[in-house]
Structure formats: C-alpha cells, structure tokens
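# Give me a 3D structure for the following:
(one chain, ligands or ions: 1)
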Amino acid sequence: MIAKTENLLSLLNGQPVIPVLKIANVADSVPLAGALSRGGLRVIEITLRTADALEAIRRVAAEVEEAIIGAGTILDPKQFGEAAAAGSKFVVSPGITSQLLDAAKDSPVPLLPGAITPSEIMTAREAGVRFLKFFPAEQSGGIASLKAFASPLADVTFCPTGGITGKNVADYLSVPNVTCVGGSWVAPDDLIKAGKWEEIEALARDASKLK
Ligand code: 3PG
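Purely as a prediction, here's the structure:
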C-alpha cells in the first residue's frame, strides 16, 4: 500500500488543491475538468454524490487528456470497483473501513481514506497508508488538530477537506504535515450552472499557485 500512496503523491506532483466536484449535470463535466486543468489543477475529484457521477468520471477520463480524474465519497468496495472501472486514477473516501482497505489492497488504484482520530490514523498506518484525508476538517479541530498529530503521528501527512475556502487555505497549507487540501470553493455551483469556465479557470490558477 505504501507504493500506491507514493503513486498518488506522484500524481499530485505538488498540486496544493484538489477540486472536489459534485456534478449535477453530466454535460458540465468535460468543460469543467478542462477549465480546472488549464488553470493548473489537473488532479480532480468527482464525488459519487449525484446520479451522473460515474458517467462524468468516464467522460473526463476519456475526453480530458490533461486531467487526472479521481472518484470521491467512496463508501464501500462496490463503489470502489465501479469508480475504478469508470477510469478513476485514485479514489477518496470520507472514512476508513476494513472492507475498503481490503478493496484497495486488491486494486492498483490508490485510496485516500479519511481519518480524524488517532485510532483511525493508526488503522491506516497498519495497512500501510500514510497519506490521509482529514474530513470534515473545520468541524474536526482544523489546523489545531493537524498540528497536534505532527509529533505522535510523525510519518503521516494529510489532505484536509471540508470547510476550506479561499480565506483559510493558505493557513492550512502552511501546516507542515499538510500535503494538499481539497475543496469545492474552486468550482462554485453558481459558476458551473452559468457555464463560466474562464472564471473557474482563474480560480484554479490562483489556487494552483498556493504553497
Ligand atoms: C469533501 O468531500 O471533501 C467535502 O465535502 C468538500 O468540502 P467543502 O465543500 O466544504 O469544500
């Protein structure tokens, strides 16, 4: 699993922000992923929170060459398999379960599982996962919690998500055990609905220059 985590980190290649997308209309997926990629955010997460999510992942994987598409909100092995089959290069889960860890062990697709307690982080470590989503970040102690993990859980790094915005992103990225953050603020629903791809590209460009 450590090798797969390394693969995920190399896909990220220093990208400071992963856009977390909820696709209401599948037709938006390709122009949206194109705009984010052009803005410098190539690693993109489409959450399985809408009916069209898997089709959106399929389309982005097939049509947006520069994007590195992943699936989010993966809750069980069935969804893990469906997301991988749709072309996801990585999968993200809000939490950590033994079934998901087993599915990840059997798949070449890296898993970024969520953990917010020392016990969950230690469970991930035991499975060889040292890069974790910290969700919901703001509601779970935010930066203060992440800093408190640094000494006892020194070999683990985090991608906090949940409540991160243009206002607090720089503070999160300044924490040494934060590798990147995730969030929806770089692709706001109103801009997606209005098809304002250039504005989303500009938000992505600003976010890509952080850290
Ligand atoms: C996630 O799944 O990572 C979060 O829902 C993103 O949270 P945000 O919408 O507060 O950025």
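
# Can you name the residues that contact the residue nearest to residue 111 when sequence neighbours are not counted?
Leaving aside its sequence neighbours, residue 111 sits nearest to residue 104 (CB to CB, 6 or more residues apart in numbering; 3.7 Å). Every C-beta, even on glycine, is put in place using the N, C-alpha and C of the backbone. Neighbouring residues of residue 104 by CB atoms under 8 Å, 6 or more residues apart in numbering: 1, 4, 80, 91, 110-111, 113, 127, 129.

# Now do the same contact list for the residue nearest to residue 17 when sequence neighbours are not counted.
Here the nearest residue to residue 17 in space, its sequence neighbours aside, is residue 207; by CB to CB, 6+ apart that works out to 4.2 Å. Counting by CB under 8 Å, 6+ apart, residue 207 makes contact with 16-17, 19, 39-41, 166, 169, 186.

# Could I get the full set of strands for the protein?
Assigned by DSSP state E, the strands in the chain fall at 17-21, 43-47, 68-72, 90-92, 111-112, 131-134, 157-160, 181-183.

# can those strands go into CSV with extra columns for mean pLDDT and mean neighbour count?
Shown next, in CSV, are the strands of the chain (pLDDT from 0 to 100; neighbours: other CB atoms under 10 Å):
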stretch, mean pLDDT, mean neighbour count
strand 17-21, 98, 27
strand 43-47, 98, 25
strand 68-72, 98, 27
strand 90-92, 97, 26
strand 111-112, 96, 27
strand 131-134, 97, 26
strand 157-160, 98, 26
strand 181-183, 97, 24
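
# okay if I get those as CSV plus distance to residue 118?
Formatted as CSV, the strands of the chain follow (distance: least, CB to CB, whole Å):
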stretch, distance to residue 118
strand 17-21, 24
strand 43-47, 25
strand 68-72, 24
strand 90-92, 21
strand 111-112, 19
strand 131-134, 12
strand 157-160, 13
strand 181-183, 21
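
# right, and these - which one's nearest residue 120?
Closest approach to residue 120 among the strands of the chain is made by strand 131-134 (8.2 Å; CB to CB).

# Any part of the closest one near the ligand?
No - judged by CB under 6 Å from any ligand atom, strand 131-134 makes no contact with the ligand; its nearest approach is 7.0 Å.

# Please provide the alpha-carbon coordinates for that strand, formatted as CSV.
The C-alpha coordinates for strand 131-134 follow below in CSV (Å, rounded to 0.1, in the frame of the first residue of the first chain):
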residue,chain,number,x,y,z
PHE,A,131,-1.4,9.9,3.4
LEU,A,132,-4.9,10.6,4.6
LYS,A,133,-7.9,12.8,4.1
PHE,A,134,-8.8,14.8,7.2
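
# Look up how far residue 134 lies from residue 182.
Distance of residue 182 to residue 134, given as CB to CB, to the nearest Å: 10 Å.

# Now for those two: what residues contact both?
Shared contacts of residue 182 and residue 134, counting by CB under 8 Å, 6+ apart, come down to 159-161.

# from those, which are also near the ligand?
Filtering the shared contacts of residue 182 and residue 134 for proximity to the ligand by CB under 6 Å from any ligand atom leaves residue 161.

# quick one: contacts for residue 4?
Contacts of residue 4 by CB under 8 Å, 6+ apart are 104, 108-111.
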